[in-house]
Structure formats: structure tokens, C-alpha cells
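Colleague: below are the sequence and a predicted model; questions follow.
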Amino acid sequence: MTATKSPLRPVPRPGVLDIAPYVPGKSSAPGVAKVYKLSSNESPLGPSPKAVAAYHDVAARLEDYPDGSVAELRNAIGRVFGLDPARIVCGAGSDDLLNMLAQAYLTDGDEVLYSQYGFLMYPIYSLSRGAKPIAVPEKNYTADIDAIIAAVTPKTRIVFIANPNNPTGTYVPFDEIKRLHKALPPNVILVLDAAYAEYVQRNDYEAGIELVATSENVVMCRTFSKIHGLAAVRLGWLYGPENIVDVLNRVRSPFNVNSAAIKAGVAAIEDAAHLERSVAHNNEWLGWVSEEIIELGLKVTPSVGNFVLIHFPETKGKTAADADAFLTQRGLILRRVAGYGLPNCLRMTVGTEEANRLVVAALKEFMGQAA
């Protein structure tokens, strides 16, 4: 009888080594004195001054564990949105919550659906739990609801919809989201990832609160990283039905939200004036950036978020990679999105007035239209 040899080192579960690590947008330009980082969809206005003050106040009590129930923040979110705090779960960014859902509801052989240009963490979390992620083709860089419905099988367990979507900036009207939900089996969770919801100015859009409130298999995820400008503290929240919230509270880490994040989050979500200023700034500059870049002869996917997807030609010297190198030399950092299957595109965050004008001027020079 031949003895089975033991591995010479620890071996991860099947599928883990198939995961392509997530690569964030770059944040530096070597040799450049001033850098304008427009690669991570961060708020150009920064956080509420009230949130900054609340964050600093925690410094005097760093020896204390945070409140494991995150009650103060859940109550604040409940007041602002008119929600039952008992149906809210908070996490270290919405990423943490998406990972919890995968941990609690996926196992070997399950299938997960997401749109073709959806958030790269959806397949990563799925593969880490032994599930098969399936990217459903989009139409005009927008999630195709008919195609997603057609892709559902008895093995489907989760459907992720980023609405609005990153990196395309497109969105799905609420009636279409409701149509998708109606077509899903009751044991399939519909995850509405609404990280950019506050920026959307369309009458046919809804982040998902109404659908969650009336369903047993829908959750909505939100983040403090974007419009609230708190990306550094890692803070997100989820609204869901009682049964799913109960499950997530069983699997989440006991202190998965730190005290500084809790206090800053409460102050941020209660500062409506700062949020309104952030929305107004984006409304002003999103259209301007899109129109100016289109005038240069480049295609821009219509966006409802705080960023635009810019399409470059395949012509040598004018590609997205060429543009990225050209801009980086000038301290203008945009996001390469080849990892999303968009090698000929760059994603640009709507920045300050100065940053926006500098990018447009640099792209004009790049495209050979300098005066």
C-alpha cells in the first residue's frame, strides 16, 4: 500500500489560488511635486468638519473597546432614513458586509451572478467561499436585467447589482430592479450595492430601501467612503430583512467597527448641509467634465456617480495606457480599469475645480488640440 505524501507547505482551499488579487488605483506620481489623485472616487470636499472633530475626540479613549453593537451609529442611520435600527448592520466598509454575505450564504458549487463590469470584489468573495462567479454581459455598459434573469439556475445563491455601477457610472431604474427581484427564486439574495446612491439625480432611481422593507431576500449596502468622505476609517452599513440581519450578526467580528469610525459616522450622517454641498459640487462638475472631454473627441459613458469612464482609441500613442502615462507625468492620477475588462478606458473622479480643469487641459494637449 502506497502512502500518500503530505504537502510540503500549507495548501489553501480549492479556488483560492485562482483569485486575481484586487489592485487599487495608484496614488502617487514619482518626481512630481503636486499630485491630484482622481483614481479612487474620493470626495473632493473631504469629510464634514463635524466628523473630523468627532474622530479626534476619540483619541482620549483609545484604551476602550468600541461598542460591539454599533448602536449609536445604527440609531443615527435609522433616524436619518426612517429605518428600524434593528435591521441595520454596520461594517468596516461595505466591503466587509459583502464579504459577510458571501461567508454566511455561499458554499462549494454555488453560483453568484453579477454584471460584466461590476465591482471586482464580487468574484473575489465568491471564489473565496468555493462558489462560481458568473459575469453576465451588459448592454451599453449597463446591467442587462433580462440577461441576468436568464442566467439564474438552481445553483444561484446571490445576485450582486452595483447601482450605480463602478466603474461605468451607469444605473438601473428601480422598476427594472423590482422586475429582477420578482423573477428570482425566494432563496436567492439580491444584493443592491448603492455606494454612490447619494449622487444620483434621476427620478426613476431608488437605492433599495423600499424593496428591502417589503422583501425577505433583498439587502442594500451603503458606504461612508464616497460622499461622506470617510474612506480612511472604513465604514459601511447594510439594511436587510430580520432573517438576514440575524445571520450576519452571528458571523461578523465582535468589534468590526472601531470607535473613531462610529463617532465620525454619526456626525457625518447628521450633517445634511455638508452632504448637500457635496452633491451640489458633483452636479456642477460632472456635466462640465463630461462635456469638455467629449469635445476633445473622446467618448464618455454617461454617468450618474462622482466619476466618468473615458474611452480612448486603440491608435498608437493615443491609447488609455499612453494617456495614463502622459497624465501621471503631470501629477494627474486617473484609474486604469483593464482589470475590469476595459483596457481602453480610464476612470476619472470628479475632483476640485482646479483638478478638473487641469485634467481637461492635459487631455487637450494629449489629443493634440493645444492652442
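Modeller: Yes, it's here.
Colleague: which parts of the stretch 201-350 of the chain are strands?
Modeller: 218-223, 236-239, 299-301, 307-311, 332-333, 335-336, 345-349 (DSSP state E, counting those that start in this stretch).
Colleague: for the stretch 1-150 of the chain, same thing?
Modeller: 36-37, 88-91, 111-115, 132-136.
Colleague: now the strands of the stretch 201-350 of the chain in TSV, with mean pLDDT and distance to residue 268?
Modeller: C-betas here are computed from N, CA, C, even on glycine. Listed next are the strands of the stretch 201-350 of the chain as TSV, based on pLDDT from 0 to 100; distance: least, Cβ to Cβ, whole Å:
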stretch	mean pLDDT	distance to residue 268
strand 218-223	98	11
strand 236-239	98	12
strand 299-301	98	29
strand 307-311	98	20
strand 332-333	97	25
strand 335-336	96	24
strand 345-349	98	19
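Colleague: dump these into JSON lines; add distance to residue 132 as well.
Modeller: Putting the strands of the stretch 201-350 of the chain into JSON lines (distance: least, Cβ to Cβ, whole Å) gives the following:
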{"stretch": "strand 218-223", "distance to residue 132": "21"}
{"stretch": "strand 236-239", "distance to residue 132": "24"}
{"stretch": "strand 299-301", "distance to residue 132": "28"}
{"stretch": "strand 307-311", "distance to residue 132": "27"}
{"stretch": "strand 332-333", "distance to residue 132": "35"}
{"stretch": "strand 335-336", "distance to residue 132": "27"}
{"stretch": "strand 345-349", "distance to residue 132": "27"}
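Colleague: any chance of CSV for those strands, columns mean neighbour count?
Modeller: Putting the strands of the stretch 201-350 of the chain into CSV (neighbours: other Cβ atoms under 10 Å) gives the following:
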stretch, mean neighbour count
strand 218-223, 26
strand 236-239, 26
strand 299-301, 18
strand 307-311, 24
strand 332-333, 25
strand 335-336, 22
strand 345-349, 27
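Colleague: quick one: which of the ones you listed is nearest residue 288?
Modeller: Set against residue 288 and scored by Cβ to Cβ, these come closest in strand 307-311, at 10.6 Å.
Colleague: report the angle between that closest one and strand 345-349.
Modeller: 160 degrees (axes from the mean of the first three to the mean of the last three Cα atoms, to 10 degrees).
Colleague: elements contacting strand 307-311?
Modeller: helix 272-295, strand 299-301, strand 345-349 (3 or more Cβ pairs under 8 Å, 6 or more residues apart in numbering; DSSP states H and E).
Colleague: can I get those in JSON lines including distance to residue 92?
Modeller: Listed next are the helices and strands packed on strand 307-311 as JSON lines, based on distance: least, Cβ to Cβ, whole Å:
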{"stretch": "helix 272-295", "distance to residue 92": "22"}
{"stretch": "strand 299-301", "distance to residue 92": "30"}
{"stretch": "strand 345-349", "distance to residue 92": "22"}
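Colleague: which one of those is the most hemmed in?
Modeller: Mean neighbour count (mean count of other Cβ atoms under 10 Å) peaks for strand 345-349 among these, with a mean of 27.
Colleague: other residues contacting that one?
Modeller: Contact partners of strand 345-349, identified using Cβ atoms under 8 Å, 6 or more residues apart in numbering, comprise 37-42, 44, 166-167, 289, 306-312, 320, 323-324, 334-337, 359.
Colleague: packing partners for the helix or strand following it?
Modeller: Downstream of strand 345-349, the first helix or strand assigned by DSSP states H and E is helix 353-366. Secondary-structure packing of helix 353-366 (3+ Cβ pairs under 8 Å, 6+ apart): strand 36-37, helix 272-295, helix 320-328, strand 332-333.
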